[in-house]
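A.B. asks: got a sequence here, can you model it:
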Amino acid sequence: MESPNTLQKIGILGGSFNPIHNGHIYIARQFAEKLSLNKVLFIPTYIAPHKESKDLASAHHRLKMCELAAKANPLFEVSDIEINRGGKSYTVDTLKELTLLYPASKFYLLCGADMFTTLHQWKNHEEIIKLAVICSLPRDEQGYDDLLQYAKRLEKDGAETFLLNAPKKEISSTQIRELAAKGEDIGDLVPLKVAEYIKAKSLYKG
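C.D. replies: I've put the predicted structure just below:
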């Protein structure tokens with residue numbers, strides 16, 4: 001394992017991952033390739049500040065599913081820092097902690113379009129833009145221009161941004177949970193090992 005003091009480019013992909021799915025994997029792969037990242041850290045939230053789910057799997061299960069998904073790519077790693085911290089998971093706190101863990105690294109915060117275009121509403125967003133490059137990709141072919149306009153706003157505030165004109169795979173975690181609750185096949189929506197885990201543990205069946 002490399003020394004924490006080694007200069008690295010680290011992608012940060014956070015979320016409830018309830019469950020982690022192929023859309024998340026697509027985002028991580030795309031940015032890892034285009035930015036030549038040394039690694040992508042998947043960081044499951046303990047409690048997401050912006051949304052709550054009545055069928056949120058336990059932190060243990062969501063962390064385990066991330067670990068299973070990450071095994072498919074040597075650039076992918078999973079961090080439990082938000083789960084260990086407990087409470088609501090705020091990005092600014094996570095980035096501050098990561099700068100202590102990887103002091104020589106440059107961080108790239110990977111966001112979906114909805115998160116990217118509401119960054120000014122995040123807790124201490126002015127600190128976030130100092131700690132990481134803010135990266136995003138559109139939901140569809142028409143969404144790229146909207147991201148460009150918002151990126152200009154962020155850059156006026158001093159942010160560094162990176163946009164990828166590669167619409168993401170639109171996969172619904174809600175749909176996956178509903179299918180899993182019925183015992184239906186979700187193998188096309190999540191990594192195989194994750195699908196097997198959800199079935200074995202009877203997740204999302206109430």
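
A.B. asks: next secondary structure element downstream of the lowest-mean-pLDDT helix or strand in the chain?
C.D. replies: Comparing helices and strands within the chain by mean pLDDT, DSSP states H and E singles out helix 113-116 as the least confident, with a mean of 92. Heading C-terminal from helix 113-116, the first helix or strand you meet, by DSSP states H and E, is helix 125-131.

A.B. asks: which strands or helices does the helix or strand that comes right after that following helix pack on?
C.D. replies: Downstream of helix 125-131, the first helix or strand assigned by DSSP H and E is strand 133-137. If contacts are counted by 3 or more Cβ pairs under 8 Å, 6 or more residues apart in numbering; DSSP states H and E, strand 133-137 sits against helix 22-34, strand 106-112, helix 113-116, helix 144-156, strand 161-163. Any C-beta I mention is one placed from the backbone N, CA and C, and that applies to glycine too.

A.B. asks: looking at those, which is nearest to Val133?
C.D. replies: strand 106-112 (4.7 Å; Cβ to Cβ).

A.B. asks: alpha carbons only: can I get that closest one in CSV?
C.D. replies: The C-alpha trace of strand 106-112 is given here as CSV (Å, rounded to 0.1, in the frame of the first residue of the first chain):
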residue,chain,number,x,y,z
LYS,A,106,-5.7,16.4,-4.6
PHE,A,107,-9.4,15.5,-4.2
TYR,A,108,-12.1,15.3,-6.9
LEU,A,109,-15.6,15.4,-5.6
LEU,A,110,-17.8,13.3,-8.0
CYS,A,111,-21.4,14.5,-8.2
GLY,A,112,-24.5,13.7,-10.2
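
A.B. asks: residues making contact with that strand?
C.D. replies: 7-13, 27-28, 31, 35, 37, 40, 91, 95, 98-99, 119, 128, 131-137, 139, 162, 168 (Cβ atoms under 8 Å, 6 or more residues apart in numbering).

A.B. asks: mind listing what's buried in the least confident helix or strand of the chain?
C.D. replies: Buried positions in helix 113-116, judged by neighbour count with 16 or more other Cβ atoms under 10 Å: Ala113, Met115, Phe116.

A.B. asks: equivalent analysis for stretch 68-87, please.
C.D. replies: Leu68, Ala69, Ala70, Phe76, Val78, Ser79, Ile81, Glu82, Ile83.

A.B. asks: make a markdown table from these and add distance to Lys182 to it.
C.D. replies: Formatted as a markdown table, those follow (distance: Cβ to Cβ, whole Å):
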| residue | distance to Lys182 |
| --- | --- |
| Leu68 | 22 |
| Ala69 | 22 |
| Ala70 | 27 |
| Phe76 | 30 |
| Val78 | 28 |
| Ser79 | 32 |
| Ile81 | 34 |
| Glu82 | 30 |
| Ile83 | 28 |
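
A.B. asks: quick one: which of the residues you listed sit in helices?
C.D. replies: Leu68, Ala69, Ala70, Ile81, Glu82, Ile83 (DSSP state H).

A.B. asks: per-residue pLDDT of the fourth one, please?
C.D. replies: Note on Ile81: pLDDT of 96.

A.B. asks: nearest residue to Gly143 other than its sequence neighbours?
C.D. replies: Once flanking residues are discounted, Gly143 sits nearest to Ala113: 5.5 Å by Cβ to Cβ, 6 or more residues apart in numbering.
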